[in-house]
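> take this sequence and fold it.
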Amino acid sequence: MAPRLDDQTAIVTGGSSGIGKAAAIALGRAGARVAIVYHANAEGREEAAQAVEEAGGCALVLQGNVADEADVAALVRRTRQEFGTVDILVSNSGIQKDADFLEMTLDDWNAVLSVNLTGQFLATRECLKVMTEQGVREGVSRAAGKIVCMSSVHQFIPWAGHANYAAAKGGVQMLAETLAQEFAEHKVRVNVVAPGAVRTAINDDVWQSEEGREMLLGMIPYGRIGEVEDVANAVVWLASDDSDYVTGATLVIDCGMQLYPSFRSGG
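Numbers count the residues shown, from 1 in each chain. Below is the predicted model:
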């Protein structure tokens with residue numbers, strides 16, 4: 001039986017495209033009210049909201065910058081005003097600005113860290129204020145709140161030419177584990193999802209070409225590129241009572257990418 005999230009409110013940052021959009025739709029399908037936070041993708045926001053409502057959920061679309069403290073506070077406040085509670089956060093917003101390290105500018109470094117790491121700090125902090133205040137809502141969920149931090153296999157795997165991105169994802173892991181430790185007594189669970197190669201717009205220049213697909217498949221022992229629904233289904237599970245004994249964990253969704261596939265033949 002699929003997990004249910006009836007009478008719960010979820011905030012999904014970066015919810016107008018890719019994994020965030022798929023997560024918003026899956027949460028709506030599970031019965032949640034979903035606040036879809038977007039920064040610039042106006043077309044995707046409407047598609048996501050419509051899909052959430054067609055799936056049986058209720059959608060609220062909000063624009064904001066997760067790296068801006070005032071914006072994040074306003075997004076959480078607006079969600080609570082509209083829906084009454086904040087039970088789930090999927091902290092998903094992320095960008096890439098790739099460069100060889102000696103050519104990486106401070107602006108590129110700061111841009112990625114501000115969205116991919118500071119954005120997670122701000123979103124989790126504001127949602128935790130609400131979750132710890134409202135406490136466990138009996139008959140709705142066994143937890144006072146569920147936070148899913150979107151990371152990447154590159155919280156484990158070094159990635160030349162992407163030092164800012166890898167550093168941010170490593171930071172997300174330690175941030176989530178620290179928050180899981182600190183807020184367990186408040187009945188808030190904090191976990192990480194670390195996808196591998198997933199078919200999204202951020203990497204379409206790779207997987208859309210035959211050469212790129214072959215390169216990716218060479219790094220995936222299971223032999224297929226991930227789909228956004230593979231990640232979204234895991235998000236719903238982590239947001240549900242089915243995973244109530246899970247906190248401070250990283251769920252890697254990569255079909256074996258982090259298992260050093262080049263060593264399959266002995267290295």
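> now for the closest residue to residue 156 other than its chain neighbours: which residues touch it?
In space, and not counting its chain neighbours, residue 156 is closest to residue 258: 5.5 Å by Cβ to Cβ, 6 or more residues apart in numbering. Any C-beta I mention is one placed from the backbone N, CA and C, and that applies to glycine too. By Cβ atoms under 8 Å, 6 or more residues apart in numbering, the contact set of residue 258 is 153, 156-157, 196, 252.
> one more: residue 76?
11, 86, 123, 126-127, 129-130.
> can you check the pLDDT for it?
On pLDDT, residue 76 comes in at 98.
> then residue 217?
Taking residue 217 on its own, its pLDDT is 87.
> surely residue 189 is in a strand?
Yes. Assessed with DSSP: H, G, I helix; E, B strand; the rest coil, residue 189 lies in a strand.
> what are the boundaries of the strands in the stretch 151-267 of the chain?
188-195, 250-253 (DSSP state E, counting those that start in this stretch).
> any stretches of the stretch 101-250 of the chain with poor pLDDT?
Scanning the stretch 101-250 of the chain for pLDDT under 70 picks out 207.
> if we can go back for a sec, now the strands of the stretch 151-267 of the chain in TSV, with distance to residue 161 and mean neighbour count?
Formatted as TSV, the strands of the stretch 151-267 of the chain follow (distance: least, Cβ to Cβ, whole Å; neighbours: other Cβ atoms under 10 Å):
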stretch	distance to residue 161	mean neighbour count
strand 188-195	19	25
strand 250-253	22	18
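> same for the helix or strand hosting residue 53, what does it pack against?
In this assignment (DSSP states H and E), residue 53 forms part of helix 42-54. When contacts are defined as 3 or more Cβ pairs under 8 Å, 6 or more residues apart in numbering; DSSP states H and E, helix 42-54 packs onto helix 18-29, strand 33-38, strand 58-63.
> would you list these in CSV and tack on mean pLDDT and mean neighbour count?
CSV is the format used below for these (pLDDT from 0 to 100; neighbours: other Cβ atoms under 10 Å):
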stretch, mean pLDDT, mean neighbour count
helix 18-29, 96, 28
strand 33-38, 97, 29
strand 58-63, 96, 18
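> quick one: closest of the ones you listed to residue 165.
Smallest distance to residue 165 across the helices and strands packed on helix 42-54 (Cβ to Cβ): 15.1 Å, for helix 18-29.
> let me know the angle separating the closest one from strand 58-63.
Interaxial angle of helix 18-29 relative to strand 58-63 (axes from the mean of the first three to the mean of the last three Cα atoms, to 10 degrees): 150 degrees.
> from the middle of its chain, how far away would helix 18-29 be?
10 Å (Cα atoms, centre = their mean, to the nearest Å).
> on contacts alone, who are the packing partners of it?
On a contact count with 3+ Cβ pairs under 8 Å, 6+ apart, helix 18-29 meets strand 9-13, strand 33-38, helix 42-54, strand 58-63, strand 88-91, helix 228-239.
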